[in-house]
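*Asks:* With the input below, show me the fold.
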Amino acid sequence: MVSVVMKAVHDTDLVDVLKRLGLYEGVVGGRYRCFVCGRPISVDNLGGMFKSKDGRINLVCSDVKCLVAAAEITARLSGSAVRE
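*Replies:* Numbers count the residues shown, from 1 in each chain. Purely as a prediction, here's the structure:
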């Protein structure tokens, strides 16, 4: 089992967060894809986001497999110990 601490954004705040990050128009316009599986990202299926080492924000769809993969990537990037 993988144990990773993740921050959450409530649905009611999601649009504001996306706008603040400059991502809202791209998400609504269908210009982003899931970092893991390549599925188009929308406001309805956005499962998470994480920042890569170069500072780029990567979006992940709501598929559980993609969320787990993103959590593992985030743990590696932050140097956190991942326990199985």
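*Asks:* use CA for all of it now, contacts and neighbours both
*Replies:* Fine.
*Asks:* Secondary structure element for the residue nearest the centre of the chain, which one?
*Replies:* Averaging the C-alpha coordinates of the chain gives a centre point, and the residue nearest to it by CA atoms, centre = their mean is Met49 (1.9 Å). Element membership of Met49, judged by DSSP states H and E, is strand 46-51.
*Asks:* Direction included, what does that strand pair up with?
*Replies:* In the sheet containing strand 46-51, its partner strands are strand 57-61 (antiparallel), by DSSP bridges.
*Asks:* Tell me the buried residues in the helix or strand that the strand it pairs with is followed by?
*Replies:* Read in the C-terminal direction, the helix or strand following strand 57-61 is helix 64-78, with elements assigned using DSSP H and E. Applying a neighbour-count criterion of 16 or more other CA atoms under 10 Å, the buried positions in helix 64-78 are 66-67, 70-72, 74-75.
*Asks:* now the residue nearest to Cys37 when sequence neighbours are not counted: how far from Arg20?
*Replies:* Ranked by CA to CA, 6 or more residues apart in numbering and with sequence neighbours excluded, the top spatial neighbour of Cys37 is Cys66, at 6.9 Å. If you measure Cys66 against Arg20 using CA to CA, to the nearest Å, the figure is 24 Å.
*Asks:* May I see the buried residues of stretch 26-36?
*Replies:* For stretch 26-36, burial by neighbour count (16+ other CA under 10 Å) applies to 27, 32-36.
*Asks:* scratch that, stretch 18-26
*Replies:* Neighbour-count burial for stretch 18-26, counted by 16+ other CA under 10 Å, picks out 23-24.
*Asks:* which residues sit against that stretch?
*Replies:* With contact meaning CA atoms under 8 Å, 6 or more residues apart in numbering, stretch 18-26 is reached by 15, 32.
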